[in-house]
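*Asks:* Sequence plus predicted model, see below.
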Amino acid sequence: MSKPKLLIIVLFQNLGEEYPYYARSPAPPLAGALVAGLTPPIVDVELLHEMVRPINYDTDADFIALSFMDYCAPHAFEVARRFHERSKIVIAGGKYASTFPDAVIPHFDVTVVGEAEQVWPQVVEDLVNGRHQKVYHAPFAPSLDNIPPPRYDLVESVFPVVMVTETSRGCIHRCSFCQLTVENKPYRVRPVKDVIRDLTAIKTLPYPKRKLAMLMDNNFGGDIEHAKQVLREIAKLKMWAIGIQFSFDCLHDKEYVDLLVKANCGMAFIGLESLNEPSLAAIHKRHNHVDEYQQLFRMLRQRRILTFTGMMLAIDEDTPRYYENLPDNLARVSPSSILMSIAIPIPGTPLHKRVVAENRLTDTNLANYDGDHLVFRPKSVTDQDVFRAYKRINRLFFSIPSILRRWWRFVTAYSGEENPAVQVAKTILISIFFFSLNYFERDHANRRVYANASLTEDKGEVGATPKRR
Ligand code: B12
Ligand code: SF4
């Protein structure tokens, strides 16, 4: 007899069916492959990332598990409704289901609140045996020991990097806009051997895919000694390149940076958020120091590490003058690419509490909480200032001459000593990543930031579809 089938979908769309947006992301998020890896073999599993392909509502799966964050919640409810019409059992999990279960539970047959590891095998067993409960609660901040490897074999081949994993959860900082502040869990690390096992688990992947990886930690470096230990072990794997996300303060530790190089870290995602000190203070991001950006980013270029940088507009202390100078100042810092977004008051964060208390929330439709919409009244700038800056910075930063200038600056900065053949090979590989990161974000800017801008600007939106479900 064939096994029941489970389809895991990691949702991504939020602009309505008329306006699907497929992202050119180099890597998938971890949640889907991880939940698939936690699934006991009593069901067949399929994984679908909605960031790269549409949902097939005519699937033969019996159970549909949706993973989603806040901005996808309205979409998730609609997806669940459509699957219910087809008599499927639909399960919710992920960040929003974990923080606002009461809003989620009515739309699903099963809601998993919290981290999947310790509850998901039981949920699947109960589903298969027809005795599932409405809600399952995971323990708060469980141990991260012995998490099985993600099912990389199920990840769509369109992602250049499929090996995504994490070495820790949480963060030691408390930025006021960050989703992690909602639950305020302690920073936890995984055993180094488990991380290395993840990165070596699957021998069936094509060889290049076994040589590229991304660590999805919120802050790889929250426990810097543990991070160094991980890097020492990763260095032994002789990866071609890995991407890592960590906070700016880690760059002060020279040994950490040396070990990033030894582990072949090719891309660092660092949330700079702002080049304006008062704005950084306003979001409690005091571990960033604007006067160090230029020098430390130069240091990363010299070590041949690409920098992908989170940047945020509509922060309370932003001024029109800051926006005016931002393109030039960004060009001086010269991150390889930026993820520019409009500040999102994610429900439950200190930022959300503040804008609600000051009566500045203007939009409660969660679908708009995606970083491309302004959902509150900023304090020191107008809506128009924000939109204009958003479009202008994206336009200038992602213009072809500007991309080429940054690339040239990057490839000519390298100061290491290496056999010339290795140097050429690494430069080519890193250049491919440089251009794909810029392509990903340029594409995002073109399709989400400018698309329909003339229609939506008056409504206080940038780049969103004028129609919503
Ligand atoms: C990869 C990533 C992305 C990718 C892909 C996102 C996607 N939706 O596909 C990209 C780069 C596109 C992205 C974009 C954004 N992101 Co992002 N991203 C991440 C990142 C680094 C990793 C996600 C991940 O894989 N996590 C690891 C997994 C294991 O954690 P998890 O998802 O919580 O899963 C656990 C549980 O929640 C649960 N679970 C999850 N799903 C399911 C499903 C089921 C069925 C069950 C039972 C359980 C379950 O079990 C899991 C294991 O314990 C996280 C930071 C982080 N480390 O989480 C930020 C993060 C998720 N992103 C965030 C933000 C703010 C954004 C942006 C809005 C940024 C911006 N301003 O533009 C955009 C929004 C998306 C968009 N419009 O494009 C926030 C959270 C947002 C929120 N509202 O909750 C995070 C947490 C960063 C942060 N510290 O604030 N992001
Ligand atoms: S440093 Fe990053 S992950 Fe840590 S609290 Fe701030 S935004 Fe969140």
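*Replies:* Received it, and whenever you're ready, just let me know what you need. Ligands and ions are numbered 1, 2, ... in the order given.
*Asks:* tell me the secondary structure for the nearest residue to residue 61 once chain neighbours are set aside?
*Replies:* Leaving aside its chain neighbours, residue 61 sits nearest to residue 7 (3.7 Å; criterion: Cβ to Cβ, 6 or more residues apart in numbering). No exception for glycine: its C-beta is placed from N, CA and C like everyone else's. Here residue 7 is recorded as strand under DSSP: H, G, I helix; E, B strand; the rest coil.
*Asks:* What is the burial count for the closest residue to ligand 1 within the stretch 1-150 of the chain?
*Replies:* The nearest approach of the stretch 1-150 of the chain to ligand 1 comes at residue 93, 2.1 Å away (Cβ to the nearest ligand atom). Neighbour count of residue 93, defined by other Cβ atoms under 10 Å: 28.
*Asks:* oh, and call the first residue 43 from now on, that's how I've got it
*Replies:* With 43 as the first residue, the last one maps to residue 135.
*Asks:* what sits against the residue nearest to it when sequence neighbours are not counted?
*Replies:* Once flanking residues are discounted, residue 135 sits nearest to residue 154: 4.2 Å by Cβ to Cβ, 6+ apart. Residues in contact with residue 154 (Cβ atoms under 8 Å, 6 or more residues apart in numbering) are 133-135, 139-140, 161-162, 165, 177-178, 180.
*Asks:* let's see it at 7 Å
*Replies:* By Cβ atoms under 7 Å, 6 or more residues apart in numbering, residue 154 lies in contact with 133-135, 139, 161-162, 165, 178, 180.
*Asks:* ok, what's across the strand from it?
*Replies:* Beta bridges link residue 154 to residue 178, judged by DSSP bridges.
*Asks:* separation between it and ligand 2?
*Replies:* Distance, residue 154 to ligand 2, by Cβ to the nearest ligand atom, to the nearest Å: 23 Å.
*Asks:* Which single residue of the stretch 343-492 of the chain ends up nearest ligand 2?
*Replies:* Of all residues in the stretch 343-492 of the chain, residue 352 sits closest to ligand 2, at 7.8 Å by Cβ to the nearest ligand atom.
*Asks:* and that residue, that's in a strand?
*Replies:* Yes - counting by three-state DSSP, residue 352 is part of a strand.
*Asks:* Hmm, it is touching residue 315, no?
*Replies:* Yes - counting by Cβ atoms under 7 Å, residue 315 is a contact partner of residue 352 at 5.9 Å.
*Asks:* circling back: what sits closest to the residue of the stretch 343-492 of the chain closest to ligand 2 if chain neighbours are left out?
*Replies:* residue 313 (3.9 Å).
*Asks:* tell me the secondary structure for the one you found?
*Replies:* strand.
*Asks:* one step back: so what pLDDT did the residue of the stretch 43-192 of the chain closest to ligand 1 get?
*Replies:* At residue 135, the predicted lDDT confidence score is 98.
*Asks:* Could you do the one 4 residues further on as well?
*Replies:* With respect to pLDDT, residue 139 scores 98.
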